[in-house]
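pasting the structure only:
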């Protein structure tokens, strides 16, 4: 897992509309980059809906919200339409970005170990540095915690 102070690994991934989104194109903005396991599952839906609800507050803070999962752009499109999401979802089907950020690794469910997405969030500053990390995210209260951290960091600048 990447740590605070490290440069955020660059990436280019397709969004739900098959448009390539690259980190380098977002320089100068704050970025909330969150990794989640799967579209249309309970925890992931709650997280995406809460980020959508909070989007106006993040936009006021000059922040972009990007959700990343191994699901295809088509699945993201269905997720967005079904749940009326306003955030951008990126597709990392080959898991390269998930691995680069340390958001892919061993997990346990009912005593079984398997490889999967480690729900985590990274706050990246306008210079491309990681300024906050939430490893192993619990969905409840998470969006609010990210917003508070962003507000705190912006008032320091």
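Received, thanks. Only a predicted model underlies this, so the values are computations on that prediction, with no experimental measurement involved.

Identify the residue nearest the geometric centre of this structure.
The C-alpha lying nearest the average C-alpha coordinate of the chain belongs to residue 34 (C-alpha atoms, centre = their mean; 1.5 Å).

Give the helix, strand or coil label for residue 74.
helix (DSSP: H, G, I helix; E, B strand; the rest coil).

Please determine how far it is located from residue 17.
As judged by C-beta to C-beta, to the nearest Å, residue 74 and residue 17 stand 10 Å apart. In short, each C-beta sits where N, CA and C put it, glycine included.

The helix or strand bottoming out on mean pLDDT in the chain: which residues count as buried?
Of all helical and strand segments in the chain, the minimum by mean pLDDT, DSSP states H and E falls on strand 104-109, at a mean of 90. Judged by neighbour count (16 or more other C-beta atoms under 10 Å), strand 104-109 contains these buried residues: residue 104.

Give me the contacts around it.
Residues outside strand 104-109 that contact it (C-beta atoms under 8 Å, 6 or more residues apart in numbering): 95, 98, 113-118.

Can you give me the separation between the residue of the chain most remote from its centre and residue 49?
In the chain, counting by C-alpha atoms, centre = their mean, residue 111 sits farthest out from the average C-alpha position, at 27.1 Å. Separation of residue 111 from residue 49 (C-beta to C-beta) stands at 31 Å.
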